[in-house]
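Chemist: 3D, please:
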Amino acid sequence: MPTDVIANTTAAATIIRALNSPLRLQILHCLSQRDCCVYELVRELGRSQPLISQHLRILKQSGLVSSHACGREVTYQLTRREALNIAAIAASIAP
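Modeler: Here you go, the predicted model:
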């Protein structure tokens, strides 16, 4: 198999794994509306801070989310809006 095909399928699998969580999809939806700090996502989604942070780490490692420090707070932003399209396509073909 060609090297570029292997690289592309590996990259695609990384993104699909990152999207393989309803909570991560909800986080992406929130971040599509505006940049958020962890505590804002905790309040919006009604989940614990450690859980939100864990999912943000996965999204950040996949390149879908980035962060920047603002004083003591870390603000997260959606870096790949295309991820929302992938989620919408998956929802449209779900049984």
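
Chemist: My guess is Ser62 contacts Ala18. True?
Modeler: Yes. Assessed by Cβ atoms under 8 Å, Ser62 is found in contact with Ala18 at 3.6 Å. (C-beta placed from N, C-alpha, C; glycine too.)

Chemist: Those two: which is more packed in?
Modeler: Ala18 (22 against 19; other Cβ atoms under 10 Å).

Chemist: which element is that one on?
Modeler: Using DSSP states H and E, Ala18 falls within helix 3-19.

Chemist: show me the contacts for Arg81.
Modeler: Ser32 (Cβ atoms under 8 Å, 6 or more residues apart in numbering).

Chemist: For it, give me the pLDDT.
Modeler: Arg81 is assigned a predicted lDDT (pLDDT) of 90.

Chemist: Distance check, it against Val74.
Modeler: 21 Å (Cβ to Cβ, to the nearest Å).

Chemist: Which residue, other than its chain neighbours, is closest to the residue positioned nearest the centre of the chain?
Modeler: The chain has Leu59 as the residue nearest its centroid, 3.9 Å off, counting by Cα atoms, centre = their mean. Using Cβ to Cβ, 6 or more residues apart in numbering and skipping residues adjacent in sequence, the residue nearest Leu59 is Val65, 4.1 Å away.

Chemist: Fine, thanks again, bye for now.
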